[in-house]
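# no sequence on this one, just coordinates:
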């Protein structure tokens, strides 16, 4: 199971999604999707930032020598996943859209971390 976590803030809306995708980048530039996941957080007090962890599910993948790892960080992946209207209302009945502006901490103690369990 792959896990990725970070301190994430979005002061403009009470609800937002964090979508992550891990890609294997070949030497010739071709990319292969390895895993992805999304987490939806709805809380009116998120302006100060909260630690967020996205479970990308069980995967089995071997990165060949010379390949690179690419991490896509986004606030949604519609239509693959239902879009989040940002207002905290149920998706099926929501009528208002609210913009969420996110920030991801990249360095330091609260920065982005990726944990890969390794098979030997």
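Structure received. Note that this is a predicted model, so its numbers are computed, not measured. Numbers count the residues shown, from 1 in each chain.
# which stretches of the protein have low pLDDT?
Low-confidence regions of the chain, defined here as pLDDT under 70, cover residues 1-12, 43-50, 105, 107, 110-111, 119-120.
# Quick one: the helices in it, in order.
Assigned by DSSP state H, the helices in the chain number zero.
# in it, which spans are strands?
Taking DSSP state E, the strands of the chain run over residues 3-9, 15-25, 31-42, 50-55, 68-74, 103-104, 113-115.
# now those as a markdown table including distance to residue 82 and mean neighbour count?
All C-beta spots, glycine's among them, are computed from the backbone N, C-alpha and C. Compiled in a markdown table, these are given as follows (distance: least, C-beta to C-beta, whole Å; neighbours: other C-beta atoms under 10 Å):
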| stretch | distance to residue 82 | mean neighbour count |
| --- | --- | --- |
| strand 3-9 | 19 | 20 |
| strand 15-25 | 9 | 21 |
| strand 31-42 | 9 | 16 |
| strand 50-55 | 16 | 16 |
| strand 68-74 | 14 | 13 |
| strand 103-104 | 22 | 13 |
| strand 113-115 | 25 | 12 |
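# Which of these sits closest to residue 81?
Between residue 81 and the strands of the chain, the shortest gap by C-beta to C-beta is with strand 31-42, which sits at 5.0 Å.
# Any chance you could list what contacts the closest one?
The contact list for strand 31-42, computed with C-beta atoms under 8 Å, 6 or more residues apart in numbering, reads 2, 14-26, 50, 52-57, 59, 61, 70, 72, 76-77, 81, 84, 88.
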